[in-house]
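>>> Turn this into a structure:
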Amino acid sequence: MALPNQVLKVVDPLLLSGDNQEDIASSRRNLRRAQMEKAKMEEFLISILGVGIACSVESPVERMDIVDAAKELHFIRDKYLGVKTRTPRSG
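I've put the predicted structure just below:
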């Protein structure tokens, strides 16, 4: 699948640009941190788009179930935000 290598080509650039001037200034002072945040955002977007693609499979039998999709999206959100979950994700 080409998704991981092409994610930045299909995502709206406004999703990737921060409008917070403090974050921009901080990123300029700390290039390494900015690179790590960019990589984290790319991983996050790849995960979300992967769920979207799994939910869009042509065959209904092969399509991801909405309950599983919701669980996966919550897992992705919690991982991105650094929230510890009590129950492991299934699947």
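>>> Show me what the mean pLDDT comes to for stretch 69-87.
When the per-residue pLDDT values of stretch 69-87 are averaged, the result is 87.
>>> what about stretch 30-49, distance to the chain center?
Between the centre of stretch 30-49 and the centre of its chain there are 9 Å (Cα atoms, centre = their mean, to the nearest Å).
>>> Please point out which parts of it sit buried.
Taking 16 or more other Cβ atoms under 10 Å as the basis for neighbour counts, the residues of stretch 30-49 that come out buried are Ala34, Met41, Phe44, Leu45, Ile46, Ser47, Ile48, Leu49. Using the backbone N, CA and C atoms, a C-beta is placed for each residue, glycine as well.
>>> Enumerate every residue touching the residue most central in space within the chain.
Nearest to the geometric centre of the chain sits Phe44, at 1.9 Å (Cα atoms, centre = their mean). For Phe44, the contacting residues are Ile76, Tyr80, by Cβ atoms under 8 Å, 6 or more residues apart in numbering.
>>> Distance of it relative to Lys79?
Here the distance between Phe44 and Lys79 works out to 8 Å (Cβ to Cβ, to the nearest Å).
>>> go on, Lys9?
Relative to Lys79, Lys9 is positioned 24 Å away (Cβ to Cβ).
>>> neighbour count winner among these two?
Shown here are Lys9 and Lys79; by other Cβ atoms under 10 Å, Lys79 has more neighbours (16 against 7).
>>> where's the more buried one, which helix or strand?
When secondary structure is defined using DSSP states H and E, the element that contains Lys79 is helix 66-81.
>>> Grab the longest helix from this structure for me.
Counting residues, the longest helix found in the chain (DSSP state H) is helix 31-55.
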